[in-house]
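1. Predicted model follows, preceded by the sequence.
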Amino acid sequence: MKISVLLSVALQALTNQRATAFQTLHRKTHRRQHSSSDLFQSFQSVAARSIPPDSAKQDILTGGRTAQDWRKATTGDRPTLSKTIPSGQKQLPVHIRIAKGICEESLPWLISLSLPIAASLALQNSIPLMSHIGVELIFFFYCTDKLFRKLNIPLTPEPLINREWSDVARHVWASQDDTASRRNYVMGWFYDAPFDRLRSEDALSYLAWARYGLPLESGLLSDEEITSLCDFDLPLLLDNVNGGLSLLNRQPGEEPLPCMRFNCEPLRYRHKSLLFYAVTHGANLILQRQLQKKGYVYVPAKNSGKDLSYWYRLPSKDTVSEKKSNEVNPLVFIHGVGGLGFCSGLIEDIRVATQDDNVPIVLIDLPHVSLRFYDEIPLIKSQTKAISSILDDVTSNAGGDISLSKATLVGHSFGTAVMSWLVQDAPEKIGGCVFLDPICFQLHLKTILFNFHLQRVDEKIQSNKKWDNPFSIGSLINLAGTEMHTNYAMLRQFSWATNSLWPEDLTKNSIHSKIILSGRDEIVPVKEVEALFENSSSFLHTHTFDGASHGDLFMDEDMRAETLDKILDVMKASREARQCQPLKLTSSF
C-alpha cells in the first residue's frame, strides 16, 4: 500500500515538472499540429505504458533511490538504472538460440572435452571426465555471478569530448542526404519498422536514449534535460523526417515501437569454456615472447582503472642522425577485438619498413577486447591522458622534443574509436591517421552495433539462414563477438556520440588521414562511410578493398602490402606538412 501511494505521488510530481517543458515546445513550434496538452499527454503515455506495474515500478525508476543519489553513484555524475530493460528485438525462440549457439561454438567445447574423455577411456575411470565437468560448472557459476554483480548493470554514456551536443546533432542530420535516408536512419533503431508507425512518444523515447543513454520513462532525466529534448531535439527530428509536422500520438491500446537501447538491455554473450581463455591467454604469452625478441619493451599499467599497458620499440641509435634527433614522430598502433596477435603480420611489416627511420613504434594493449578474462576499463578521458603520457615518455626516451612530436595513429575496428577520442582530446599530438575497417564513422546508424551483436539471433534475419559451420571463419568471428568481456566493452562502455568522428574533426586539425575499408564488411556500413568522405579535404582519402571482409587485410599479403604503403604515405605527408609550416610562418613576418 505504501509503495503504491509513494509511486502515485512520484508520478504526479514527475508529470507536473514536465508540463512546462511541453508548453514551451508548443509556443516555439506553433506551426506543428499538436497542442501543448497533447504533448504533455504523450509524455504521460510514455511513462504510463512503459513502466511495469506494482512494486517493480519504483525499482525500475531509481532502484529505491532518488535520481540525485544515482548521479553520485560509482559512475560519477553518470546516472544509471538499477535493472536492465527488456529488449524489443524479435529474437529466435530460446530453444533455437541455444541449439544455434551450441552448434556454432562447439569447436572449443569438443576440444576441451576430448582430453578428459581420452583420459577416462585410458584409465577406464570416469574421474577425469567428471572432474573436468565439475571444474567447468564452477567456472560457469563464477562467470554468471560476475555477470549479475557487475557486467549486466546498465551504464550511461560518458561525457562528450570538447564538443557540444548541438554539434553532434548537426553532423548526424547533415550526413544523410534526403528525407528518405533520414527516416531510414531513425527507423533503423526501431528494427526497421515502417515510418508511418512512428509516434511522438516513440520519437521522444529514442531521442532521450540517443542523447542521454536513458529511457525517457526512467525518471532519471532532469527538468533541463527534458526541456532541451523538447526545445531542440524533437523539433530538429521533425524538421528532418516529417517536414516540420508533428507525429501522431499513440492510440489507446497501441504498443510502443520496440527500440534498440543496447546499454540498458540485458548483456548479450555466450559462455566460454576454460580452455577458450587458456588459449587466448596462452596466445598472449606467446606474442609477448615474440615481441620481446623483436626489441619491444612491455610497460604494464600502473593502475588498471586509469592507465593502459603498452609495448614500445625505440629506433636503433645508429639510425638516428644529428639532423633528425629532435624530430621524433612515433607510430601508434591500436588493435581491435581479438588483440594484437590478430594484427601481428602488419605490425611486423611496419617494423621492417621503418627500422631505418627515426620512428619509435608503440603498441597499445586493450585487454578488455582481446578475448581475455579482463573487465577493468578506464574512463575515456583516462585513456586519452594515458596515451598522451605514453607518447611523451617514448619521445623523450628516443631523444626527441615533445613539443615537436606528432604521432601517426593506426587503428583497426574498435581501435579506431580510441583514435577518435585522441583526435578530439589531443589533436596537437597527432600528425596523421590510418583507419582500418573503422567503426568510428556513421555510428549514429544502427548498422555497426546491430551487425556485431544483435543480428546473430534476429528472427527476421536468421529464420531461413543456415547456421555457421563450427569450423568456419563465421563461427570464429562469433566466438569473438559473443565473448562476455568484449560485449561488456561494446554494450556497456560504448558511448556512440563520444566515439563518433567526422571529416571536419580531421580537417580542422590538419590531420592527414586514410580510411581503409573492406568492400564486403559484415560490420561497417561501407557505402555510407565512402559517401561521408566524398567531398572532403584533399588530405582525407578512402580506399576500399573490393570483395574483402572485416579484417581480411591482415590475412592477405597483397592487401597488407598496400595497407603498409598507405601508412607510409600518411607518415610522409604528415612529416612534409610540418616541414613546410615554419616557412609559412617566416614569410608572414
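-> Done, it's in.
2. For the most centrally placed residue in the chain, give me its contacts.
-> Geometric centre of the chain, nearest residue: Phe494, 4.0 Å, by C-alpha atoms, centre = their mean. Applying C-beta atoms under 8 Å, 6 or more residues apart in numbering to Phe494 gives the contacts 262-263, 417, 449. C-beta coordinates here come from the backbone N, C-alpha and C atoms, glycine included.
3. Check Gly551 too.
-> Counting by C-beta under 8 Å, 6+ apart, Gly551 has contacts 336, 338, 342, 412-413, 437, 518.
4. go again using 10 Å as the cut-off
-> Neighbour list for Gly551: 336-338, 342-343, 412-413, 436-437, 473, 477, 480, 518, 521-523 [criterion: C-beta atoms under 10 Å, 6 or more residues apart in numbering].
5. swap in Asp167?
-> Asp167 touches 160, 497, 502, 504-505, counting by C-beta under 10 Å, 6+ apart.
6. Which of the contacts of Phe494 fall within strands?
-> In strands, defined here by DSSP state E, there are no members of the contacts of Phe494.
7. and which of those is nearest to Ile111?
-> Leu449 (30.7 Å; C-beta to C-beta).
8. ok, that closest one to Phe494 distance?
-> The spacing between Leu449 and Phe494, counted by C-beta to C-beta, to the nearest Å, is 7 Å.
9. Spell out which residues are contacts of both of the two.
-> Joint contacts of Leu449 and Phe494 (C-beta under 10 Å, 6+ apart) are 262-263, 439, 443.
10. tally of neighbours for Asn303?
-> 10 (other C-beta atoms under 10 Å).
11. Now it: which helix or strand?
-> Using DSSP states H and E, Asn303 falls within no helix or strand.
12. thinking it is in contact with Leu379, fair?
-> No. In this structure Asn303 lies outside contact range of Leu379 using C-beta atoms under 10 Å: 11.9 Å.
13. one step back: out of the contacts of Phe494, grab the one that's most surrounded.
-> Greatest neighbour count in these, by other C-beta under 10 Å, goes to Ala417: 26 neighbours.
14. Could I get the contacting residues of that one?
-> 334, 336, 369, 380, 411, 438-440, 443, 489-490, 494-496, 498-501.
15. what's the span of stretch 241-261, first residue to last?
-> 21 Å (C-alpha to C-alpha, to the nearest Å).
16. Show me what counts as buried in that stretch.
-> By 16 or more other C-beta atoms under 10 Å, the buried positions in stretch 241-261 come out as 241-242, 246-248, 250, 256-261.
17. just stretch 216-229 next, same as before
-> 216-221, 225-229.
18. Restricted to helices, list these.
-> 225-228 (DSSP state H).
19. Run through this protein and note the low-pLDDT ranges.
-> 1-79, 317-326, 473, 579-589 (pLDDT under 70).
20. what residues go with each domain of it?
-> Following automatic domain parsing, the chain resolves into domains at 2-79+156-241, 274-314+327-441+507-587.
21. Keep only those of the contacts of Phe494 that are in helices.
-> 417, 449.
22. any idea which of the contacts of Phe494 is the one closest to Leu291?
-> Checking the contacts of Phe494 one by one against Leu291 (C-beta to C-beta), the nearest turns out to be Ala417, at 23.6 Å.
23. Can you give me the distance of the closest one to Met490?
-> 10 Å.
24. how about the helices in the stretch 451-589 of the chain?
-> Shown for the stretch 451-589 of the chain, the helices assigned by DSSP state H, counting those that start in this stretch span residues 459-462, 473-481, 484-491, 496-499, 503-507, 526-532, 557-587.
25. Ok, the stretch 201-350 of the chain next?
-> Under DSSP H, counting those that start in this stretch, the stretch 201-350 of the chain gives helices at 223-228, 234-241, 274-293, 344-354.
26. for those, which one sits closest to Asn469?
-> Per C-beta to C-beta, nearest to Asn469 of these: helix 274-293, 18.1 Å.
27. now that closest one and helix 473-481, what's the angle there?
-> 90 degrees (axes from the mean of the first three to the mean of the last three C-alpha atoms, to 10 degrees).
28. could you list every residue that touches Lys293?
-> Contacts of Lys293 (C-beta under 10 Å, 6+ apart): none.
29. I'd like the distance between it and Arg313.
-> Counting by C-beta to C-beta - Lys293 and Arg313 are separated by 11 Å.
30. In this structure Lys572 contacts Ala353, no?
-> No. Using C-beta under 10 Å, Lys572 makes no contact with Ala353, being 11.6 Å away.
31. So for the two, which sits in the more crowded spot?
-> Legend: neighbour count by other C-beta under 10 Å for Lys572 and Ala353, higher for Ala353 (17 against 13).
32. For the more buried one, give its distance to Ala398.
-> 18 Å.
33. Report how many residues lie close to Leu568.
-> If we define neighbours as other C-beta under 10 Å, then Leu568 has 17 of them.
34. who's in contact with it?
-> 331, 350, 353-354, 357, 408, 434.
35. Out of these, which comes closest to Ala208?
-> Val434 (36.3 Å).
36. Name the residues linked to that closest one by a beta bridge.
-> Beta bridges link Val434 to Val410, Lys514, judged by DSSP bridges.
37. That one contacts Ile516, doesn't it?
-> Yes. Applying C-beta under 10 Å as the test, Val434 and Ile516 come out as touching, 6.7 Å apart.
38. out of the two, which sits in the more crowded spot?
-> Val434 (27 against 23).
39. List the buried residues for whichever helix or strand Ile138 is part of?
-> Using DSSP H and E, Ile138 falls within helix 127-146. Across helix 127-146, burial judged by 16+ other C-beta under 10 Å covers 128-129, 132, 136, 139, 143, 146.
40. C-terminal to that helix, what's the next element?
-> helix 165-174.
41. Would you tell me what the next helix or strand after that next one is?
-> helix 179-188.
42. Could you find the closest non-adjacent residue to Tyr168?
-> No, residue 168 isn't Tyr; it's Val. Sequence neighbours aside, Ala497 is the residue nearest to Val168 in space, at 5.0 Å (criterion: C-beta to C-beta, 6 or more residues apart in numbering).
43. I figured the one you found was touching Thr156, is that so?
-> No. Between Ala497 and Thr156 there is no contact, the gap being 11.5 Å when judged by C-beta under 10 Å.
44. Quick check: most distant residue from the centroid of the protein.
-> Gln124 (49.9 Å).
45. Would you mind measuring from it to Ala118?
-> 12 Å.
46. my read: Ile96 touches Arg456, true?
-> No. Counting by C-beta under 10 Å, Ile96 does not reach Arg456; the two are 11.8 Å apart.
47. Name the residues contacting each of the two.
-> Contacts common to Ile96 and Arg456, judged by C-beta under 10 Å, 6+ apart, are 462, 467.
48. the more surrounded of these two?
-> Neighbour totals were compared for Ile96 and Arg456, and Arg456 leads with 25 against 15 (other C-beta under 10 Å).
49. Any figure for the gap between that one and Val394?
-> With C-beta to C-beta as the criterion, Arg456 and Val394 are 40 Å apart.
50. Kindly report the same for Pro128.
-> The value you get for Pro128 to Val394, if C-beta to C-beta is used, is 49 Å.
51. go on, Pro330?
-> Taking C-beta to C-beta, one finds Pro330 at 5 Å from Val394.
52. Need the residues touching each of the two.
-> Joint contacts of Pro330 and Val394 (C-beta under 10 Å, 6+ apart) are 312-314, 360-362, 400, 405, 407.
53. hmm, which two among these are most spread apart?
-> Going by C-beta to C-beta, the pair spanning the shared contacts of Pro330 and Val394 furthest: Arg313 and Ser405, at 16.0 Å.
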